[in-house]
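A.B. asks: model the following, please.
(2 chains)
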Amino acid sequence: MKRTLSLLLTAAMLLALLAGCGGGTKGNVQGNVQGNAGDGETAKTIVIGGQSDLITLDPGHMYEPYANMIAYAAYDMLYRVKSGTLGTPEPSVATEYTVDETGTVYTFKLREDVVFASGNPLTAKDVVWSVNRVLNMKESNAYTNIKIVAKVEAPDDYTVVFTLTQPDASFLVKLTSNAYCILDSELVKQHGGSDAGGDTAQEWLDTTSAGSGPYIIDSWTPQEQLVLKKNPNYWGESSNIDTIIFREMTSVDAQITALQNGDVDIILGLNSETAKQVEGMENVTFTTGETAMMTFLVMSRDASLSPEMSNPLVQKAVRLALDYEGYLTLGGEGCLVPLNFVQDGFSGGMERDLSTQGRDLEQAKALMAEAGYPDGFTVTLTCANNNSEGLQWTTIAQKVAQDLAEIGITVNIETLETTMVYEKMRQGTMPFYVMFWSPDYYDINNQIDAFLPGTGDTGTAYGNRTKWERTADNEELWTLGDQVKVETDETKRAELSQQLQELFEEDNPFAFLLQHPKTYAYRTDRLEDVTYNDLCKIELCELVAK
Amino acid sequence: MLRYILRRLGLMVVLLFGVSVLVFMISHFVPSSPEAANLSQSALNDPEIVAAYRAKWGLDKPVWEQYLIYMKNILVNHDLGTSIRTGRPVLEELQQYFPATLELSVFAMLIAIVFGVAFGIISAIFQNKPIDQILRAISVSGVSLPSFWFSLLIMNLFCKVFAIFPSGNRYDPRLYDPTGGTGLYVLDAISWGNFSLLGDVLAHLFLPALVLGFFTMGLITRQTRSNLLEVMSSDYIRTARSKGMSQRRVVIHHALGNALVPVITVSGMGFCNLLGGMVFVEKIFSWPGIGQYAYLAAVNLDFPAICGVSLLIAVVYVVVNLVIDILYGVIDPRIRYQ
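C.D. replies: Numbers count the residues shown, from 1 in each chain, chains lettered A, B, ... in the order given. Reported below is the predicted structural model:
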């Protein structure tokens, strides 16, 4: 009897398995779970495949690379990033702003026709509440972008006044980040939200959204999928896509295969190498978008770690010994070499001119001799088990070792887990390492606060990590940097930025190798052109289904 | 028997305590920190943010105090703590990820046992014939091919070239939404009477289960074959044959039962081995299970999650071994429990 039952059960499962393989999931499946959109039109569903690493949907805690893709779909901010740019702000819920003569008081007028998905009107008190909520979450990554705000007030329903702790020419750019998402305060308060500390709304906000964006978060199963449904109360122009599903796909091979089979419509995990696999696929195209992610070498100024590598002349020699053309080849189409710490696309961002500022082995060797190391030396290059937009750091490290061997530097590569490298970086205990950087907000000010010299509690991130002291010799960097940080005239700011980069190039403890592109692919039979914006990756409300 | 089970369960409590101490201490002695793993580069340079972060997660307390708080929460509040990485209760997250892994493991074992035993029997019956050579080659491949390589091979073949199976995940989100059940989608689909969903879920399950079960299948094939050959040369089998019994009857009714006892041990070990291979297979097939959760917990030094996963896996090991020990007694009446 038992045996018969087992056989029957096995047969049933095999039959069901065969039924499942018989076309239900293959090919361009047009059916969906949404049914009809109404008015006789078929509801449109788009599936995006990628590895988001999303850990929360609460805009006050979000930080992950794909966080703003979801934040931009479900929430509004006063300003948003202009499509196709690397961080240029444009008004969203705000219509206009004024700034006082001190540069610290910003007054914004708000649109009066914005409603939350719940139907509640969006007013200035929601903006104030949302900002104060994050100001009281000091343990959150989002706090980095919002701590410039000293106070925020709502003199009337449609006016918001921000007072900053100091003048900040990047304030409008900061406003475009998820830290400034406007939440439906009445709704969030009902679920543990607080603007005075002790907020417990994250668990609820991980299951839904409380915003006024074009989509509503319908469901989220971490590491599995996120479902967005069109917001019927959206105040702006509505998309023709009713449901967007972000499907977590940890393997690039699985993403490519799913795209080929029509199981997903967009994939985000490609790099220049894997993109070759989608080349020539029917109804599929791949393209690149500009990102602000840079990969660079860090050389500590701490002589106790490596007396040789900490020598500024040696560091300059390293920059001259690198084969930048070779790194461009490794990075693939769309890559570029920034002159130093300011990305192309940011105010005054400069590319390295490889004909005049590229590799010069003779000069590099002369610098090595001048530094007292004509025969070279041996150094350890630490490299995390990580990648920049798909380019493995170990590959970069091998190329660095090969390049530096030509000026007598023997590089021993040490590979560690990423978190261990981060900890060592934070403690400043590595003489030489590979690192990447993606800004917290898309403005040169973020770069200045990270890369200029300075140690201690008020020091910059990489000042502390490289023990690059702020001294009278490099004070001019800060003079220029401080001017850039407050200059609101973009032309003047770009000029100051370029002067700063040229001065920085004369002496710094870095070698900036690449600014990477983002490579992605999509099905042309399902979607119109898909554009990329590094802050929110794919701007979901701009997708147009065929 | 009952006393034996109770004693084993009592030992499990001691084991879990040991696991919790060991994992908690080892994860705290890793040369990194949760703030380095979870805060942004800018936030990491801000002493105010770092201090607030350490205070929020209790990292500013001594390790022994953190451990006592953790144990108190488990014993008093039945709470495995909150994940530092995600901010969600660890128990809730284990409940989300474990069903996916359980479903995958059970199907992998099913494939391993069904095909392993069948191949083992065929190999033994046709000893040194071409079919035996082929099946032995398959079983050797099973135990020697790295799972990540085999995963990519299978995916390319069945998902890309022949395009007959989906390349990853647990179901087609365009067609179905199986959330809201037990998380064991096969059982959910059966209980809802949704056979279309069942087909879709099984189609997604088949390849990762095949890859995962392939190693254990190889072990079982080899074990079954050698056991069966040994048993077939026994006196009582010769007697059975001399009485004129057919080969089929001799193998199935007389030899197989005895040959399968050691196979149960191998199956138990194989089940535990599955958990080790889970990380690669889950990653390649985008399977949202405990393997991926454990990996993310480890690389982000998410102490509560690391301890939660370790305790869960320890429980699985102990329970599987207990079940196997009990099965011995059921299959072989000579074995008595004391």
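A.B. asks: what is the burial count for residue A:282?
C.D. replies: 8 (other CB atoms under 10 Å in any protein chain shown). For every residue, glycine as well, the C-beta is placed using N, CA and C.
A.B. asks: pick out the residue nearest the middle of chain B.
C.D. replies: residue B:275 (3.6 Å; CA atoms, centre = their mean).
A.B. asks: pretty sure it sits against residue B:312.
C.D. replies: No: Residue B:275 lies out of contact with residue B:312 (CB atoms under 8 Å); the separation is 9.9 Å.
A.B. asks: give the intersection of the neighbour lists for those two.
C.D. replies: Common contacts of residue B:275 and residue B:312 (CB atoms under 8 Å, 6 or more residues apart in numbering or on different chains): residue B:290.
A.B. asks: where does the prediction get shaky in the stretch 51-200 of chain A?
C.D. replies: Scanning the stretch 51-200 of chain A for pLDDT under 70 picks out nothing.
A.B. asks: and with 80 instead?
C.D. replies: Applying pLDDT under 80 to the stretch 51-200 of chain A picks out residues A:53.
A.B. asks: interface residues of it facing chain B?
C.D. replies: Residues of the stretch 51-200 of chain A lying close to chain B by CB under 8 Å from any CB of the partner chain are A:55-56, A:61, A:63, A:138-141, A:143-144, A:147.
A.B. asks: would you confirm that residue A:65 contacts residue A:537?
C.D. replies: Yes: under the criterion of CB under 8 Å, residue A:65 makes contact with residue A:537 at 7.4 Å.
A.B. asks: so which of the two has more stuff around it?
C.D. replies: Neighbour tally, residue A:65 and residue A:537, criterion other CB under 10 Å: the higher count belongs to residue A:537, 24 against 18.
A.B. asks: quickly list what the more buried one is bridged to.
C.D. replies: Under the criterion DSSP bridges, residue A:537 forms beta bridges with residue A:533.
A.B. asks: so it sits against residue A:69, correct?
C.D. replies: Yes: Residue A:537 is within contact range of residue A:69, at 4.6 Å (criterion: CB under 8 Å).
A.B. asks: the longest strand in chain A is where?
C.D. replies: Looking only at chain A and at elements set by DSSP state E, the strand with the highest residue count is strand A:284-299.
A.B. asks: show me what contacts residue A:417?
C.D. replies: Here residue A:417 is in contact with A:384-385, B:32, B:299 (CB under 8 Å, 6+ apart).
A.B. asks: same deal with residue A:138?
C.D. replies: Applying CB under 8 Å, 6+ apart, the residues near residue A:138 are B:48-49, B:52.
A.B. asks: where does it land in three-state SS?
C.D. replies: coil (DSSP: H, G, I helix; E, B strand; the rest coil).
A.B. asks: could you pull up phi and psi at it?
C.D. replies: When read as degrees, to the nearest 10, the backbone of residue A:138 gives phi -70, psi -20.
A.B. asks: any weak-confidence spans in the chain?
C.D. replies: The chain I'm using is chain A. Low-confidence segments of chain A, defined by pLDDT under 80: A:1-43, A:53.
A.B. asks: that's the wrong chain, I meant chain B
C.D. replies: In chain B, residues with pLDDT under 80: B:1-2, B:179-180, B:261-262, B:269, B:272-273, B:275-277, B:327-338.
A.B. asks: pretty sure residue B:282 contacts residue B:289?
C.D. replies: Yes: between residue B:282 and residue B:289 there is a contact at 4.8 Å, judged by CB under 8 Å.
A.B. asks: sticking with residue B:119, tell me its helix or strand.
C.D. replies: Element membership for residue B:119, per DSSP states H and E: helix B:90-125.
A.B. asks: residue contacts, the most centrally placed residue in chain A?
C.D. replies: Geometric centre of chain A, nearest residue: residue A:65, 4.6 Å, by CA atoms, centre = their mean. Shown in contact with residue A:65 (CB under 8 Å, 6+ apart): A:52-53, A:438, A:537.
A.B. asks: and the gap between residue A:222 and chain B?
C.D. replies: For residue A:222, the distance to chain B equals 7 Å [CB to the nearest CB, to the nearest Å].
A.B. asks: quick one on the thing from earlier: now a PyMOL select for only the buried ones of the contacts of residue A:417.
C.D. replies: Listed next is the PyMOL selection for buried residues among the contacts of residue A:417, using 16 or more other CB atoms under 10 Å in any protein chain shown:
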select buried, (chain A and resi 384) or (chain B and resi 32+299)
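A.B. asks: secondary structure and distance to residue A:427 added to the contacts of residue A:417, as JSON lines?
C.D. replies: Formatted as JSON lines, the contacts of residue A:417 follow (DSSP: H, G, I helix; E, B strand; the rest coil; distance: CB to CB, whole Å):
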{"residue": "A:384", "secondary structure": "strand", "distance to residue A:427": "15"}
{"residue": "A:385", "secondary structure": "coil", "distance to residue A:427": "19"}
{"residue": "B:32", "secondary structure": "coil", "distance to residue A:427": "10"}
{"residue": "B:299", "secondary structure": "helix", "distance to residue A:427": "19"}
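A.B. asks: name the nearest of the contacts of residue A:417 relative to residue A:432.
C.D. replies: The shortest approach to residue A:432 among the contacts of residue A:417 belongs to residue A:384, at 13.2 Å (CB to CB).
A.B. asks: that closest one contacts residue A:414, correct?
C.D. replies: No: contact criterion CB under 8 Å: residue A:384 and residue A:414 do not qualify, at 10.0 Å.
A.B. asks: how far off centre is the helix holding residue B:119?
C.D. replies: A distance of 7 Å separates the centroid of the chain from that of helix B:90-125, by CA atoms, centre = their mean, to the nearest Å.
A.B. asks: which element is encountered next along the chain beyond it?
C.D. replies: helix B:130-144.
A.B. asks: buried set for that next one?
C.D. replies: The neighbour-count check on helix B:130-144 (16+ other CB under 10 Å) flags B:132, B:135-136, B:138-139, B:142 as buried.
A.B. asks: do me a favour and get the end-to-end distance for stretch B:151-171?
C.D. replies: End-to-end distance for stretch B:151-171: 18 Å, by CA to CA, to the nearest Å.
A.B. asks: ah, wrong one, I meant stretch B:156-176
C.D. replies: Start-to-end, stretch B:156-176 (CA to CA) is 25 Å.
A.B. asks: does chain A have contacts with that stretch?
C.D. replies: Yes: using CB under 8 Å from any CB, stretch B:156-176 reaches chain A at B:156, B:159-160, B:163-170, B:172-176.
A.B. asks: and the gap between residue B:256 and residue B:235?
C.D. replies: Here residue B:256 is placed at a distance of 17 Å from residue B:235 (CB to CB, to the nearest Å).
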